[in-house]
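Peer 1: Need a 3D model of the sequence below.
(one chain, ligands or ions: 1)
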Amino acid sequence: MEYDFTIVDLSWEDRNEAIELVNQFFKKVNSLELDGLFRIRPRAATKFVDIYLKLAGTDKVCFRGVKTSGGELTSLVIARVEEKPFLVENRTLYVDIAVTKNGHKKKGYMSALMKSVEDWAKENEIPTIELRAIRANQEAMDYWGRAGFEEFYVRFRKKLS
Ligand SMILES: CC(C)(COP(=O)(O)OP(=O)(O)OC[C@H]1O[C@@H](n2cnc3c(N)ncnc32)[C@H](O)[C@@H]1OP(=O)(O)O)[C@@H](O)C(=O)NCCC(=O)NCCS
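Peer 2: Residues are numbered from 1 along each chain as shown. Next up is the predicted model:
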């Protein structure tokens, strides 16, 4: 089967497009009806991407994206290795951000990208992948459930008055 996209490790030349995608996700989070306090700060996307780009290419971070044949970045995943010395598994790959550009969803981009991220984890002898989804983000809850992820932890939150 011929694909019209490639999966690539992202670097500084992808910075602007990566910021745009992370920003799209953060805007979505801020549009959700949450507890009135939980809000992502302005410019967070830029800071976030810059922090991760500094570590990109090391064995601590997997920062990958989907590019169309025209070179457009349509999906990205930013994941970091978490040390879990108290667990038998020792390390997990924690996905901080996974987003597909509006207008490019439901084309299989994220599924292909996550498969590649899973391969990266296996190559690095990391046996598990974890991520967090806001329950109010129905699109994410549905997607991860169907992508083979199980609800495992429940993180409770209480806003203090
Ligand atoms: C969740 C998200 C990352 C999924 O990305 P995506 O690129 O649309 O994912 P895929 O295209 O690989 O898969 C989505 C669905 O499209 C389906 N699909 C894949 N290729 C398709 C095609 N060619 N035609 C029609 N449907 C297709 C998949 O089977 C999947 O269906 P399912 O959810 O019923 O299993 C995306 O919706 C998104 O960016 N949401 C906003 C950000 C967000 O909330 N991220 C999660 C943070 S926790």
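
Peer 1: Tell me which helix or strand comes right after the longest helix anywhere in the chain.
Peer 2: With DSSP state H applied, the helix covering the greatest number of residues in the chain is identified as helix 15-31. Proceeding N to C from helix 15-31, the next assigned helix or strand is helix 44-55, under DSSP states H and E.

Peer 1: before we move on, back to that, can the longest helix of the chain be found next to the ligand?
Peer 2: Yes. Applying C-beta under 6 Å from any ligand atom, one finds that helix 15-31 is in contact with the ligand at 25, 28. All C-beta spots, glycine's among them, are computed from the backbone N, C-alpha and C.

Peer 1: Provide the contact partners of that helix at residue level.
Peer 2: Helix 15-31 is touched from outside by 10, 39-40, 44-46, 48-50, 53, 65, 72-73, 75-76, 78, 97, 99, 101-102, 134, 137, with contacts defined as C-beta atoms under 8 Å, 6 or more residues apart in numbering.

Peer 1: Need the buried ones from those selected in PyMOL.
Peer 2: If you want just the buried ones from the contacts of helix 15-31 in PyMOL, going by 16 or more other C-beta atoms under 10 Å, the selection is:
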select buried, resi 10+40+45+48+49+53+65+73+75+76+78+97+99+101+137
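
Peer 1: tell me, which of the contacts of helix 15-31 make contact with the ligand?
Peer 2: 75, 99, 137.

Peer 1: Including secondary structure and pLDDT, could these go into a markdown table?
Peer 2: Output for those, formatted as a markdown table (DSSP: H, G, I helix; E, B strand; the rest coil; pLDDT from 0 to 100):
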| residue | secondary structure | pLDDT |
| --- | --- | --- |
| 75 | strand | 98 |
| 99 | strand | 98 |
| 137 | coil | 97 |
